[in-house]
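Colleague: sequence and predicted structure, then a few things I'm wondering about:
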Amino acid sequence: MITLKSEREIEMMAQSGALLADVHKHLRDFIKPGITSWDIEVFVRDYIESHGGVAAQIGFEGYKYATCCSINDEICHGFPRKKVLKNGDLIKVDMCVDLKGAISDSCWSYAVGEVSPEVQRLMEVTKKAMYLGIEQAQVGNRIGDIGHAIQTYVEGEGFGVVRDFIGHGIGPTIHEAPSVPHYGEAGKGLRLKEGMVITIEPMVNTGTWKMKMDPNGWTARTLDGGLSCQYEHSLAITKDGPKILTSQGIEGTY
């Protein structure tokens with residue numbers, strides 16, 4: 001079931017998103033060679049809770065952590081752990097915030113120290129792909145318009161778009177209808193309506209889009225060992241265009 005949010009509900013989700021975006025802003029300085037993804041986990045959880053929020057991923061479908069910290073070839077759902085990050089790594093930090101019952105969800109990618117031109121280009125293409133998808137999140141457009149814009153651009157740059165993990169509706173829980181693929185045909189799929197709140201979160205690989213699962217049953221990584229990158233915003237569909245709810249304070253906002 002798709003729930004259409006009122007202006008009040010969207011404003012509450014924007015407040016939740018502002019807290020989440022503030023965490024990401026602080027992570028830009030926090031993430032550096034020599035720390036671990038467990039350090040990131042502790043920082044994120046403490047920051048969210050000290051500002052009145054709840055780390056909403058904890059307990060969701062049995063997941064144990066406040067963050068997903070996916071490194072290099074890990075596409076998503078990487079467990080935070082005590083492996084030391086080194087210069088040149090690419091880490092994706094995904095989290096959800098519950099602030100007074102309002103949910104927000106965002107992933108951002110971070111270069112650890114100095115990264116290669118390949119990593120930098122992958123990050124730039126992935127971020128642009130997300131914003132190209134967001135541009136299509138207009139009342140009257142269809143879900144396929146979002147996916148088509150992303151897929152056409154990413155594949156034109158020589159990268160692969162992950163098919164197995166997609167965007168989704170959000171609120172009142174983390175995952176709601178509708179599904180929002182990052183590939184597809186323009187003019188196809190569900191028509192977007194005012195009041196929908198969705199995530200757009202393309203995962204882009206340097207090689208094949210195909211993936212494999214780790215034995216832990218959660219962590220997905222690229223089939224060919226190539227790098228993977230992700231950016232994600234939560235946004236509302238409004239009569240005035242897409243309203244990003246998780247962008248305050250983050251470089252490169254829409």
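Modeller: Right, received. Where do you want to start?
Colleague: surely residue 144 is in contact with residue 187?
Modeller: Yes - Residue 144 lies in contact with residue 187 (CB atoms under 8 Å); the separation is 6.2 Å. C-beta here means a position set from N, CA and C on the backbone, and glycine is covered the same way.
Colleague: and the two? Which one has more around it.
Modeller: residue 144 (19 against 10; other CB atoms under 10 Å).
Colleague: look up how far residue 192 lies from that one.
Modeller: 11 Å (CB to CB, to the nearest Å).
Colleague: so for the strand or helix carrying residue 26, what gets flagged as buried?
Modeller: Applying DSSP states H and E as the criterion places residue 26 in helix 7-30. By neighbour count with 16 or more other CB atoms under 10 Å, helix 7-30 contains the buried residues 9-10, 12-24, 27, 30.
Colleague: can you check stretch 93-110 too?
Modeller: Buried positions in stretch 93-110, judged by neighbour count with 16+ other CB under 10 Å: 93-99, 102-110.
Colleague: now swap in stretch 57-77 and tell me
Modeller: Neighbour-count burial for stretch 57-77 [16+ other CB under 10 Å]: 57, 63, 65-77.
Colleague: what do you get for stretch 32-48?
Modeller: 37, 38, 39, 40, 41, 43, 44, 45, 47, 48.
Colleague: which of these fall in helices?
Modeller: 37, 38, 39, 40, 41, 43, 44, 45, 47, 48 (DSSP state H).
Colleague: looking at it, the fourth one is touching residue 67, isn't it?
Modeller: Yes - when contacts are counted by CB under 8 Å, residue 40 is listed as touching residue 67 (6.2 Å).
Colleague: for those two, list the residues in contact with both.
Modeller: 80, 93 (CB atoms under 8 Å, 6 or more residues apart in numbering).
Colleague: need the helices for the stretch 1-150 of the chain, in chain order.
Modeller: Ranges of helices within the stretch 1-150 of the chain are 7-30, 37-50, 117-135, 143-156, based on DSSP state H, counting those that start in this stretch.
Colleague: nearest to residue 170, of the ones you listed?
Modeller: helix 7-30 (7.9 Å; CB to CB).
Colleague: give the other helices and strands that the closest one contacts.
Modeller: Counting by 3 or more CB pairs under 8 Å, 6 or more residues apart in numbering; DSSP states H and E, the packing neighbours recorded for helix 7-30 are helix 37-50, strand 90-99, strand 102-111, strand 233-238, strand 241-244.
Colleague: closest to residue 137 out of the ones you listed?
Modeller: strand 241-244 (4.1 Å).
Colleague: who's in contact with the closest one?
Modeller: 10, 14, 17, 134-135, 137-138, 233-236, 253-254.
Colleague: let's go with 10 Å and repeat that
Modeller: If you take CB atoms under 10 Å, 6 or more residues apart in numbering as the criterion, strand 241-244 is touched by 10-11, 13-14, 17, 21, 106, 131, 133-139, 146, 192, 197-198, 200, 233-237, 250, 253-254.
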